[in-house]
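Peer 1: could you look at this predicted model? Sequence included:
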Amino acid sequence: MSSSRLRHSAKSVSNLMRMVGSSCTCPAHSGRHGATHHVHSPGCASSHTRHASASTPRPEYAFEMATSTVRVGTGATREIGMDLANLKAKRVMVFTDPNIAKLAPLKTVVESLDRSKVPHTVFKDVRVEPSDTSFQMAIDAARKYNPDAIVAVGGGSTMDTAKAANLYTVFRDAELLDFVNAPLGKGRAVDRPLLPLIAVPTTAGTGSECTGSAIFDLKSKGAKTGIADRALKPLLGIIDPLNTRTMPQQVRLASGLDVLCHAIESYTAIPYYQRGPAPANPLLRPAYQGSNPISDIWSARALRMVARALPESVASADNLQAHEDMTLAAAYAGIGFGNGGVHLMHGCSYGISGLNKKYFHPEYPQDHPLCPHGISVAVTSPAVAEFTGSLFPERHLEIAEVLGADIANAKREDAGAILADALRAFLHRLGVPDGISAFGYSSSEIDALVESILPQHRVLKLSPRQVDAEQIAAILERSLKNY
């Protein structure tokens, strides 16, 4: 891609981001290296202290906390049949992937449904790291079966696929892109209730059992995108540590890194009151609202749990306490980022995984190139921390300390570099691939990656520092090698 084309693309996306958010030249959004405080200038349109006028939209002034009911307990999966019987369900559709279909978690769910005499069918063809094609297959199957309740048994891919099937079964005439996040899709709001969905996670990472997001590869655009609406969140998430004991080591690693980055990004996201104008209708308030006092509690707690439990979980398949702690950390972070949002680490990951054509990760399906989501998110985390550290320096230092850094004599202006070093050490100790070059990327692919990342404005606009094409390219260059 030519530099002029890249600049044109960056300009188009910047214009779009100005329409959905706010544009200012204050230190919090200027991207200047000298900015050290996440405080907007008095005249900034993002400032929550500015009074709205007839010609100026009112700045955001509220945040919402939406999450699923969760049930936590060893063996709790055995209750799912009674849950669906209580809902008077007569046609339950169970979603899972070909691997989980052979394992105990699905068997436990099916046996419980049978005991409670709940009629059901099982869809076993969920794709790990789903695409628009695999989403559509699941949607078509659900529309044909016409369920009155849905169950997801699996990791984030399965839960997200089930959410999509639920949505498009209720909205039978909708096209896939109707509800997909703008600008890749139409961003239509969900304005009526969906079917009851019960999520049974078998990994400790995505937190999808608590969120209203469904992520997939949009192959025609070479990018990951998704659907984000509170209406998609499950009615119930059953967090049963028995269901995560079959995770291979690399799945434990990748899913745990997703928890880590959920917590970091939610905790360092732009505050909700600086996100932009308040919506004209509360139905239009985004699920990802920016950091807020409630999300902060969940994200900070998740971060501390992950820093301790993830290395222990990766090191030993028999450390049941570490695995149980990670299942809780995933849910905590899910509540945090499901309302606060994520930003640059996830934004960059959507291009990295979406354009992957030749990398196959060990202990994952080998039928198609696959860079696990948590891995693709984590590899840019050091460079992102360096970029965002000038804003919220205290929070960056707090995270670094949790990860093992000595911050006793740390300076605020060094916060980003200190956290970046702490992340590199943490990732290296866990055996994470050495930057995006490990997936086959080189400097010559940076422009294509940037082109794929720029449309992710749903998450990019939550960065504490406003970001453009050149800055994304710099983050990716810094992420070619981490160690």
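Peer 2: Thanks, I have it.

Peer 1: and Thr74, that one's in a helix?
Peer 2: No: secondary structure assignment (DSSP: H, G, I helix; E, B strand; the rest coil) places Thr74 in coil, not in a helix.

Peer 1: what's the closest non-adjacent residue to it?
Peer 2: Leaving out its chain neighbours, the residue that sits closest to Thr74 by CB to CB, 6 or more residues apart in numbering is Pro241, at 5.4 Å. (C-beta placed from N, C-alpha, C; glycine too.)

Peer 1: the one you found contacts Ala76, doesn't it?
Peer 2: No: with contact defined as CB atoms under 8 Å, Pro241 does not count as touching Ala76 (9.2 Å).

Peer 1: okay, these two: which has more neighbours?
Peer 2: Neighbour count, other CB atoms under 10 Å: between Pro241 and Ala76, Pro241 has more, with 20 against 17.

Peer 1: state the three-state secondary structure for Gly237.
Peer 2: strand.

Peer 1: so where's the protein shaky on pLDDT?
Peer 2: Where the chain drops to pLDDT under 70, the residues are 1-55.

Peer 1: off-centre distance for stretch 217-235?
Peer 2: How far stretch 217-235 lies from its chain's middle: 10 Å, per CA atoms, centre = their mean, to the nearest Å.

Peer 1: straight-line length of it, end to end?
Peer 2: Stretch 217-235 has an end-to-end distance of 25 Å (CA to CA, to the nearest Å).

Peer 1: give the buried residues for it.
Peer 2: Neighbour counts over stretch 217-235 (16 or more other CB atoms under 10 Å) mark 217-218, 222-235 as buried.

Peer 1: just stretch 162-181 next, same as before
Peer 2: 162-171, 176-177, 179-181.

Peer 1: OK, contacts around the residue nearest to Thr74?
Peer 2: Counting by CB atoms under 8 Å, 6 or more residues apart in numbering, Pro241 touches Thr74, Leu320, His323, Glu324, Thr327.

Peer 1: can we see that at 10 Å?
Peer 2: Pro241 makes contact with 72-76, 204, 320-321, 323-328 under the criterion CB atoms under 10 Å, 6 or more residues apart in numbering.

Peer 1: for the residues you listed, pick the one with the most neighbours.
Peer 2: Neighbour max across these (other CB under 10 Å) = Ala204, 32 neighbours.

Peer 1: hmm, Leu260 and that one touching each other?
Peer 2: No: if you go by CB atoms under 10 Å, Ala204 and Leu260 don't touch, sitting 11.4 Å apart.

Peer 1: show me where the stretch 351-483 of the chain has helices.
Peer 2: Secondary structure of the stretch 351-483 of the chain (DSSP state H, counting those that start in this stretch): helices located at 373-378, 381-388, 393-402, 415-430, 446-453, 457-460, 469-478.

Peer 1: one step back: what is in contact with Ala204 and Leu260 at once?
Peer 2: Taking CB under 10 Å, 6+ apart as the contact rule, Ala204 and Leu260 both touch Val306, Leu310, Ala329.

Peer 1: and the first one, how many neighbours does it have?
Peer 2: So the one you mean is Val306. Neighbour count for Val306, taken as other CB under 10 Å: 31.

Peer 1: which ones are touching it?
Peer 2: Applying CB under 10 Å, 6+ apart to Val306 gives the contacts 204-205, 256-264, 313, 325-326, 329-330, 332-333, 402-403, 426.

Peer 1: from Ala263, how far off is it?
Peer 2: Distance of Val306 to Ala263, computed by CB to CB, to the nearest Å: 7 Å.

Peer 1: same deal with Gly75?
Peer 2: 28 Å.

Peer 1: partners of Gly226 in the sheet?
Peer 2: Counting by DSSP bridges, Gly226 is bridged to Ile215.

Peer 1: hang on, it packs against Thr206?
Peer 2: No: counting by CB under 10 Å, Gly226 does not reach Thr206; the two are 11.8 Å apart.

Peer 1: how about the contacts made by Ala422?
Peer 2: 307, 382, 385, 396-397, 399-407.

Peer 1: of those - the most surrounded one?
Peer 2: Neighbour max across the contacts of Ala422 (other CB under 10 Å) = His396, 30 neighbours.

Peer 1: from memory that one sits against Gly389, does it?
Peer 2: Yes: the criterion here is CB under 10 Å, and His396 meets it with Gly389 at 4.7 Å.

Peer 1: hey, what's in contact with both of those two?
Peer 2: Thr268, Arg412, Asp414, Ala415, Gly416, Ala417, Ile418, Leu419, Ala420, Pro464.

Peer 1: which one of these is nearest to Pro369?
Peer 2: Ranked by distance to Pro369 (CB to CB), those are led by Ala420 at 28.3 Å.

Peer 1: look up the closest residue to the closest one, ignoring the ones flanking it.
Peer 2: Leaving aside its sequence neighbours, Ala420 is closest to Pro382 (4.0 Å, by CB to CB, 6+ apart).

Peer 1: right, and the one you found touches Ser479 too?
Peer 2: Yes: when contacts are counted by CB under 10 Å, Pro382 is listed as touching Ser479 (7.3 Å).

Peer 1: ok, His428 to Thr77 distance?
Peer 2: Counting by CB to CB, the gap from His428 to Thr77 is 36 Å.

Peer 1: can you map out the strands along the stretch 51-200 of the chain?
Peer 2: Secondary structure of the stretch 51-200 of the chain (DSSP state E, counting those that start in this stretch): strands at 69-72, 92-95, 120-123, 149-154, 197-201.

Peer 1: so what's the nearest residue to Leu284 once chain neighbours are set aside up against?
Peer 2: Closest residue to Leu284 apart from its sequence neighbours, by CB to CB, 6+ apart: Ala189 at 6.1 Å. Neighbour list for Ala189: Phe179, Asp229, Arg230, Ala231, Pro279, Asn281, Leu283, Leu284, Arg285 [criterion: CB under 10 Å, 6+ apart].

Peer 1: the host helix or strand of Ala307: which residues count as buried?
Peer 2: Assigned by DSSP states H and E, Ala307 belongs to helix 293-315. Neighbour-count burial for helix 293-315 flags 294-296, 298-303, 305-307, 309-311, 313-314 (criterion: 16+ other CB under 10 Å).

Peer 1: what's the distance between stretch 180-190 and the middle of its chain?
Peer 2: The chain centre lies 17 Å from the centre of stretch 180-190; the measure is CA atoms, centre = their mean.

Peer 1: ok, now stretch 427-444?
Peer 2: Relative to the centre of its chain, stretch 427-444 is centred 20 Å away, using CA atoms, centre = their mean.

Peer 1: so Gly334, which state does it fall into?
Peer 2: Applying three-state DSSP: Gly334 is helix.

Peer 1: what sits against the residue nearest to it when sequence neighbours are not counted?
Peer 2: With CB to CB, 6+ apart as the criterion, Gly334 has its nearest non-adjacent residue at 2.1 Å, and that residue is Gly207. Taking CB under 10 Å, 6+ apart, we find Gly207 in contact with 67-68, 156, 159, 201, 213, 237, 255, 258-259, 262-263, 298, 302, 329-338.

Peer 1: one more: Glu363?
Peer 2: By CB under 10 Å, 6+ apart, the contact set of Glu363 is Met247, Pro248, Gln249, Gln250, Val251, Arg252, Leu253, Ala254, Pro372.

Peer 1: turn the residues you listed into CSV, including distance to Thr133, neighbour count and secondary structure.
Peer 2: CSV is the format used below for those (distance: CB to CB, whole Å; neighbours: other CB atoms under 10 Å; DSSP: H, G, I helix; E, B strand; the rest coil):
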residue, distance to Thr133, neighbour count, secondary structure
Met247, 26, 23, coil
Pro248, 26, 13, coil
Gln249, 29, 15, helix
Gln250, 25, 17, helix
Val251, 23, 23, helix
Arg252, 28, 25, helix
Leu253, 27, 26, helix
Ala254, 22, 27, helix
Pro372, 19, 26, coil
